[in-house]
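**Student:** please find the sequence and the predicted model below.
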Amino acid sequence: MVETHCVQAGLGYGGYGTVVQAEDQSTGSVVAVKLLHKDDDANEDIHLERRTYRRLVEGCDVAVNLFAQVIGSGSHDGFHCIVFELCHGSLYDIMKGLSGLAPLPGRHVLEMAYQMLSAIAYLHSLGIIHTDLKPDNIAVKYSDTTVVQWLDPLTGYHDKKILVTAQICILDLGNVVDAIVPTGNSGRVGTSQYRAPEVTLGCPWSFGVDAFSLGCVIAEIHLSDTLVPSASTTDQERLATVEKLVGPFPEDYAQSIEDRFPDTFAFEDTMAIVIYPPTDESISEPDHIAALRRLEQIRPISTRVHNGLLYDLIRELTRPNPAERLKMEDAVKHRYFDALDVMQLG
Ligand SMILES: Nc1ncnc2c1ncn2[C@@H]1O[C@H](COP(=O)(O)OP(=O)(O)OP(=O)(O)O)[C@@H](O)[C@H]1O
C-alpha cells in the first residue's frame, strides 16, 4: 500500500525508524509513515505495533481513540513501513517552544493528563505495559490554534497562541510488553529521564513503570520544562536523581533493595539515602564532578509544582516504591480531575 504515498516532510526519528509525513495519492489523505531501519529485529517490531493496535480495537473501548490509528503496513525498497494516522507535534516539540504553544494553559494540562492516564488505564486493563512513555511519544491530534488574551502578572494582558483542542494521541506501541503477573517483568526498558527506579535497580517491574513515566510527563507539561536536563550516566546517579526529584525511598523498601544490592543506600536514623558518589571507583573523577553538578541542578518536584492537587497526583504516580504507586484506574479518579466537571460550561 505504501507505493501510492508521496513523502512531504520528515516528522521524527527514533531507535526503530524514521517517520515521515506522506500523501496517499490514491485518496488524497495525509498520513504518517514509519520506515523501519533495515534490521531483522525491526521486522518483529512492525508486527508488534500492528498487533497491539488490533488488540486495542478489539477491546471495543472509546479509549482506543487516544492512540494513533494504525492504518496499514507494507514495504518499499526493502524498508518495512507502517502507516499511521497523522498527529500534529509531539509534546516534546511543544515543550521545546518551537510552535509558540508553551506554556500550555492549565485547562489543557488537565485535559491532556486525563487523556494520557485514561489511555494507559485502557492499555493496562488489557494486560499491556507501554514501557516508553515520554513527551516524544505523545502527540496532539489537531494543530489548529487560536489567539487569546493571556494575563501575565508582571506585564499585563498579551496575545497568546493556544491549541483549539487539547486532544492527544499516544504513539509508539513498538516497545509494549505483556505484563507478567505476579512475578513481574525483567530487563531494561524506557528512556532514562522517565525510567522508574525499579527498572534502574534491575528489580522485577510491572504496570508501575508507566505510572512513574506519566507522573514525570505531567509535571513537565505543567512546568513547560524538563525535570532532568541531561541524561545521567550511571544507574547510581539515576537513583540519586529520582531521590532528588520525588523525595527519599521509604526505609523498608530501601532496606529490601540493600539486601539484594549492597551499597545502594546509606541509612541515617530512619532515613534511607542513595549513596552518591558510589563507594567503588567505577567512575572517574571528572565524571563524578559532572554528575554532582547535574544533581545540583535538579530541583524537587515539590518545590516546582504549586498546584496542590496536581502535585498530589504527580507524587502518587512517582512514588519510589512501585507497590505504593497510584494505579491508572485510580489515577483517572484523582481529585485533580474534579475540575473537568466544575469547569464545563452549562
Ligand atoms: N503518527 C504520527 N504522527 C506524527 N508524528 C509522529 C507519528 N508517529 C511518530 N511521529 C514522530 O516520530 C517520532 C518517532 O516515532 P516513534 O517513537 O514511533 O519511533 P521509534 O523509532 O519507535 O522511536 P523509539 O526509539 O522511541 O522507540 C515521534 O517522536 C514523533 O515526533
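**Tutor:** Cool, got the structure. Because the structure is predicted, anything quoted here is derived from the model rather than measured.
**Student:** let me know whether my guess that Ala139 is in a strand holds.
**Tutor:** Yes: under the criterion used here (DSSP: H, G, I helix; E, B strand; the rest coil), Ala139 sits inside a strand.
**Student:** what is the neighbour count of it?
**Tutor:** Counted with other Cβ atoms under 10 Å, the neighbours of Ala139 add up to 27. The way it works is simple: take the backbone N, C-alpha and C, and place the C-beta from them, glycine included.
**Student:** which residue packs closest to it, ignoring adjacent ones?
**Tutor:** Spatially, and ignoring its direct neighbours in sequence, Ala139 is nearest to Cys87 (3.6 Å; Cβ to Cβ, 6 or more residues apart in numbering).
**Student:** how many neighbours does that neighbour have?
**Tutor:** For Cys87, the number of neighbouring residues by other Cβ under 10 Å comes to 22.
**Student:** that one contacts Asn137, doesn't it?
**Tutor:** No: with contact defined as Cβ atoms under 8 Å, Cys87 does not count as touching Asn137 (10.6 Å).
**Student:** and for the two, which residues touch both?
**Tutor:** Counting by Cβ atoms under 8 Å, 6 or more residues apart in numbering, the residues touching both Cys87 and Asn137 are Leu171.
**Student:** domain parsing for this protein?
**Tutor:** As assigned by automatic domain parsing, the chain contains the domains 2-85, 91-227+298-339.
**Student:** and those domains as a markdown table, adding mean pLDDT and distance to the ligand?
**Tutor:** Formatted as a markdown table, these follow (pLDDT from 0 to 100; distance: least, Cβ to the nearest ligand atom, whole Å):
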| stretch | mean pLDDT | distance to the ligand |
| --- | --- | --- |
| domain 2-85 | 87 | 2 |
| domain 91-227+298-339 | 95 | 4 |
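**Student:** need the winner for burial among those domains.
**Tutor:** Comparing the domains of the chain on average neighbours per residue, with mean count of other Cβ atoms under 10 Å, the densest one is domain 91-227+298-339 at a mean of 18.
**Student:** His334 reaches Leu326, doesn't it?
**Tutor:** Yes: with contact defined as Cβ under 8 Å, His334 and Leu326 form a contacting pair (7.3 Å).
**Student:** next, show the common contact partners of the two.
**Tutor:** Here His334 and Leu326 have 313, 316 as joint contacts, going by Cβ under 8 Å, 6+ apart.
**Student:** now do the strands in the chain.
**Tutor:** Taking DSSP state E, the strands of the chain run over residues 5-13, 17-24, 30-36, 70-76, 79-85, 128-129, 138-140, 145-152, 156-163, 168-170, 177-178, 265-268, 271-274.
**Student:** buried residues in stretch 259-272, which are they?
**Tutor:** With burial defined by 16 or more other Cβ atoms under 10 Å, the residues of stretch 259-272 counted as buried are 264-265, 272.
**Student:** got CSV for the residues you listed, with pLDDT and distance to Pro248 too?
**Tutor:** Compiled in CSV, the buried residues of stretch 259-272 are given as follows (pLDDT from 0 to 100; distance: Cβ to Cβ, whole Å):
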residue, pLDDT, distance to Pro248
Thr264, 93, 13
Phe265, 94, 9
Ala272, 94, 6
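**Student:** show me which of these neighbour the ligand.
**Tutor:** Checked against the ligand using Cβ under 6 Å from any ligand atom, the buried residues of stretch 259-272 give no members in range.
**Student:** want to throw those into JSON lines with distance to Gly184?
**Tutor:** Supplementary listing: the buried residues of stretch 259-272 in JSON lines, determined by distance: Cβ to Cβ, whole Å:
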{"residue": "Thr264", "distance to Gly184": "19"}
{"residue": "Phe265", "distance to Gly184": "21"}
{"residue": "Ala272", "distance to Gly184": "21"}
